[in-house]
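**Q** make a model of this:
(2 chains)
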Amino acid sequence: MNSVGEGCTELKREYDQCFNRWFADKFLKGDRSGDPCTEMFKKYQTCVQKAIKDKDIPIDGVEFMGPNKEK
Amino acid sequence: MKIWSSEHVFSYPWETVIKAAMRKYPNPMNPSVVGVDVLDRNLDTHGRLHSHRLLSTEWGLPAIVRAILGTSRTLTYVKEHSIVDPDEKKMELCSTNITLTNLVSVDERLVYTPHPENPGITVLTQEAIITVKGVSLSSYLEGLMALKISANARKGWDAIEWIIQNSERESVPFCSLC
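**A** Sure thing, here's the model as predicted:
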């Protein structure tokens, strides 16, 4: 799957792969330690946050019907 | 405002469905989702996993709808917040569009839980609230969008099944009798 930032797709793939493995093999099996993908996530975020800014995507400031809110 | 809701049962255990739901894109059934990014992810004090994602989607609205709304822009960004609770066996996902909001808002909520009487299968309940703003014929448009969501939901279920079958195939020995 592509990232919104064309140049971030490879970083995203690496992170996704790491996360999916942790999610299936550890998290869903009851291991409560955090995922080991923090460094990859940071690199990916640096890239994607810049792309979001460049493209003016309004990720903040939208009233969000979050799962925690009363319906 | 139009409210749409539906329920679907997957013949797989909750864990299998959730794994597929987390990596649902890309899949051949939802070509309209052209990008997915994780913006934030963390475990809360109850051990639940929160993910905030940004989806880039091509809504592919019919020409008549684009004409009424007065926009040719159909690339829309959607923000999504999901919570996976592995103890309760519940995944909840809410999403809302963050662009084209002056024209339309589509809020969706999906919940995946094991079937109360059969833990080997999984129930997905899904609802959407569609509001088209500031144009005449808005209830007509809301009806059209509800139809679109309904069709997309069906594709989404197929997509989950597709992911499960494709990933399960990888992990199952080629010959189970060997």
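**Q** the spatially closest residue to residue A:54 that is not a sequence neighbour: how many residues sit nearby?
**A** Once flanking residues are discounted, residue A:54 sits nearest to residue A:5: 7.8 Å by Cβ to Cβ, 6 or more residues apart in numbering or on different chains. The C-beta positions use only the backbone N, C-alpha and C, and glycine is treated the same way. Per other Cβ atoms under 10 Å in any protein chain shown, the neighbour tally for residue A:5 reads 21.
**Q** show me what contacts residue A:5?
**A** A:47-48, A:50-52, A:54, B:37 (Cβ atoms under 8 Å, 6 or more residues apart in numbering or on different chains).
**Q** so how do I select the buried members of those residues in PyMOL?
**A** Only the buried entries of the contacts of residue A:5 go into this PyMOL selection, using 16 or more other Cβ atoms under 10 Å in any protein chain shown:
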select buried, (chain A and resi 47+48+51+52) or (chain B and resi 37)
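**Q** can you put the contacts of residue A:5 in TSV and add pLDDT, distance to residue A:16 and secondary structure?
**A** Below are these laid out as TSV (pLDDT from 0 to 100; distance: Cβ to Cβ, whole Å; DSSP: H, G, I helix; E, B strand; the rest coil):
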residue	pLDDT	distance to residue A:16	secondary structure
A:47	97	14	helix
A:48	96	12	helix
A:50	95	19	helix
A:51	95	16	helix
A:52	94	18	helix
A:54	93	22	helix
B:37	97	10	strand
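**Q** need the contacts of residue A:5 in JSON lines with distance to residue B:91, can you?
**A** Below are these laid out as JSON lines (distance: Cβ to Cβ, whole Å):
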{"residue": "A:47", "distance to residue B:91": "28"}
{"residue": "A:48", "distance to residue B:91": "24"}
{"residue": "A:50", "distance to residue B:91": "30"}
{"residue": "A:51", "distance to residue B:91": "28"}
{"residue": "A:52", "distance to residue B:91": "25"}
{"residue": "A:54", "distance to residue B:91": "32"}
{"residue": "B:37", "distance to residue B:91": "19"}
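**Q** from the contacts of residue A:5, which single one is nearest residue B:57?
**A** Set against residue B:57, the nearest of the contacts of residue A:5 by Cβ to Cβ is residue B:37 (12.4 Å).
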